[in-house]
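>>> sequence first, then the predicted structure:
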Amino acid sequence: MTNVKASECRTFVIEPVLNKLDLYSESAVIIMLGTAAKETHMGEYLRQKGFDYKSDNGAYGIFQIEQATEKACLKWLRDRSNKHKYKTILSKIEGMKFASFMYTAKDNLIANLYYQAAICRIVYLSISEPLPHHDDIREIGRYWNDYYNRNDEHGTVDEFVECYNKYVLNRK
């Protein structure tokens, strides 16, 4: 698979999803682009290395989201559904899913870019620490490492910055 251009991912996936969920911020766009850049080199692969499609373990999609993470995000929203904002977000995300009679839940994490982007944003929304300023890519990388990656064997702040520069800014 060839990589998705970062500008295309931003314009046609991330920004529309963030706007639909009323969760747009430039910091959210930047951390999501950086996440896709670090996790899969902007979609070079859609399945975590070392796992096949049949396995329920491992991560999926351009943001490398595990099924347990997806479930935790949806639960986080449901637990706050007494607040109109979160109930609305949950409803919009549910509406982004592929038809359940034709596709598995895992298919949304593999092939549904809007759904993947929505879940990725909820991962970051569920963190009490605010997103860093969008101009501080090193701090964005630290935030990714602390809250999304959580495992230095799978990436570091330096690798996040390197991937952001290479795949988002096209700096070799």
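The structure has been received and is ready for your questions.
>>> quick one, strands of the chain?
Ranges of strands within the chain are 59-60, 65-66, based on DSSP state E.
>>> give me the sheet partners of the last one and which way each runs.
Here the strand partners of strand 65-66, with direction, are listed using DSSP bridges: strand 59-60 (antiparallel).
>>> contact partners of the strand it pairs with?
Applying C-beta atoms under 8 Å, 6 or more residues apart in numbering, the contact partners of strand 59-60 are E39, L46, R47, Q48, I65, E66, Q67, T69, K106, L109, I110, Q116. Where you see a C-beta, it was placed from the backbone N, CA and C, and this is true even at glycine.
>>> list buried members of these by neighbour count.
E39, L46, R47, Q48, I65, T69, K106, L109, I110, Q116 (16 or more other C-beta atoms under 10 Å).
>>> need phi/psi at the fourth one.
Put plainly, it is Q48. phi -60, psi 140 (degrees, to the nearest 10).
>>> ok, back up a step: specify which member of the buried ones among the contacts of strand 59-60 is nearest to E162.
E39 (13.3 Å; C-beta to C-beta).
>>> from the contacts of strand 59-60, which land in helices?
E39, Q67, T69, K106, L109, I110, Q116 (DSSP state H).
>>> list the contacts of the third one.
So that's T69. Applying C-beta under 8 Å, 6+ apart, the residues near T69 are A59, I119, V123.
>>> can you lay out those residues as JSON lines showing neighbour count?
Below are the contacts of T69 laid out as JSON lines (neighbours: other C-beta atoms under 10 Å):
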{"residue": "A59", "neighbour count": "21"}
{"residue": "I119", "neighbour count": "24"}
{"residue": "V123", "neighbour count": "21"}
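>>> pretty sure Q116 contacts I62?
Yes: counting by C-beta atoms under 8 Å, I62 is a contact partner of Q116 at 6.2 Å.
>>> which of the ones in helices among the contacts of strand 59-60 sit farthest apart?
E39 and K106, at 16.8 Å, using C-beta to C-beta across the ones in helices among the contacts of strand 59-60.
>>> quick one: pLDDT of M1?
Note for M1: predicted pLDDT of 50.
>>> of the strands of the chain, which shows the lowest average pLDDT?
Among these, strand 59-60 scores lowest, at a mean of 91.
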